[in-house]
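*Asks:* Next comes the sequence, and after it the predicted model I'd like to discuss.
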Amino acid sequence: MSALQHAEYLEHFLHLPSEKQHKIIDAALYSFGRNGYKKASVADIAKAAGISKPMVFHYFGSKKNLYMYLLDFCGSTLASGVMSKFDKSETDFFKAVRNASVIKTAVLKEYPDIMHFIESMYFETDPEVEQEIKKVIQRGKGNFDIGRFFENVDYSRFKDGVNPALVMKLLVYFSEGVIRENPQGQKLDIESLMKQFDECLELFRKNFYKEEI
């Protein structure tokens with residue numbers, strides 16, 4: 001199916017009330033995120049969204065188109081949320097990281113299964129979507145440069161020999177690990193996640209920052 005044909009299908013979906021769009025997106029994120037592309041059932045997505053299976057195809061044209069829409073939706077939702085609300089004037093590295101995390105958790109509250117979908121996307125091997133996923137990930141790296149959000153950070157606060165980029169990687173690994181520990185099918189406890197993340201930030205601050213004079 002061409003991009004033009006897909007756009008014609010998507011037009012029907014985008015004209016739905018936002019509440020109905022939300023329900024369909026929620027149902028699709030849940031199904032793909034927990035079952036993977038191949039095992040995800042369009043019938044199950046339709047049932048969870050409160051619509052008929054034919055209507056899913058009416059809105060998206062195919063299961064693959066629905067999946068690709070979710071890829072773009074997740075990337076744009078997270079990126080636009082951070083870009084529009086992030087305070088780039090913050091000079092403290094750890095405060096800046098926390099500010100970004102608060103914005104992301106706001107997205108998680110609205111779409112609880114978005115992280116499960118993103119995580120499953122990175123491990124997806126179905127040939128029908130694997131190459132498209134790689135293209136989306138690569139495009140996202142170019143469009144969402146995390147460095148732009150930390151351009152005013154005072155890196156001199158770090159102890160000599162500490163690599164801030166590596167600290168950022170460790171924080172990402174920590175947050176992803178905490179999310180993966182969440183049992184499948186259970187909604188994320190955002191408050192608990194932020195509490196653990198705050199504890200990690202404080203530990204890193206004490207160990208990687210120079211002592212305050």
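*Replies:* Happy to help now that I have it.

*Asks:* quick one: low-confidence ranges for the protein?
*Replies:* The model of the chain has pLDDT under 70 over residues 1-7, 80-85, 139-149, 179-180, 182-188, 213.

*Asks:* Against Val153, how distant is Asn99?
*Replies:* For Asn99, the distance to Val153 equals 11 Å [C-beta to C-beta, to the nearest Å]. Bear in mind the C-beta positions are built from the backbone N, C-alpha and C, glycine included.

*Asks:* Now for those two: what residues contact both?
*Replies:* Glu90 (C-beta atoms under 8 Å, 6 or more residues apart in numbering).

*Asks:* Can you show me the helices along this protein?
*Replies:* 3-14, 18-39, 42-49, 53-60, 63-85, 93-110, 114-122, 130-143, 164-180, 190-208 (DSSP state H).

*Asks:* Make JSON lines out of those helices and add distance to Phe158.
*Replies:* Compiled in JSON lines, these are given as follows (distance: least, C-beta to C-beta, whole Å):
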{"stretch": "helix 3-14", "distance to Phe158": "46"}
{"stretch": "helix 18-39", "distance to Phe158": "36"}
{"stretch": "helix 42-49", "distance to Phe158": "46"}
{"stretch": "helix 53-60", "distance to Phe158": "47"}
{"stretch": "helix 63-85", "distance to Phe158": "23"}
{"stretch": "helix 93-110", "distance to Phe158": "7"}
{"stretch": "helix 114-122", "distance to Phe158": "29"}
{"stretch": "helix 130-143", "distance to Phe158": "25"}
{"stretch": "helix 164-180", "distance to Phe158": "6"}
{"stretch": "helix 190-208", "distance to Phe158": "6"}
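
*Asks:* which stretch among those helices comes nearest Arg157?
*Replies:* Nearest of these to Arg157, taken as C-beta to C-beta: helix 93-110 at 7.0 Å.

*Asks:* what's in contact with the closest one?
*Replies:* 77-78, 81-82, 85-87, 90, 114-115, 149-150, 153-155, 157-158, 164, 167-168, 171, 175, 188, 190, 193-194, 197-198, 201, 204-205, 209.

*Asks:* Also stretch 121-134?
*Replies:* Contacts for stretch 121-134 (C-beta under 8 Å, 6+ apart): 36-38, 64, 67-68, 71, 74, 137.

*Asks:* what's the answer for stretch 39-46, then?
*Replies:* 24, 27-28, 31-32, 35, 52-53, 55-57, 63, 66-67.

*Asks:* hmm, back to that, going through the contacts of stretch 121-134, which ones are buried?
*Replies:* 36-37, 64, 67-68, 71, 74 (16 or more other C-beta atoms under 10 Å).
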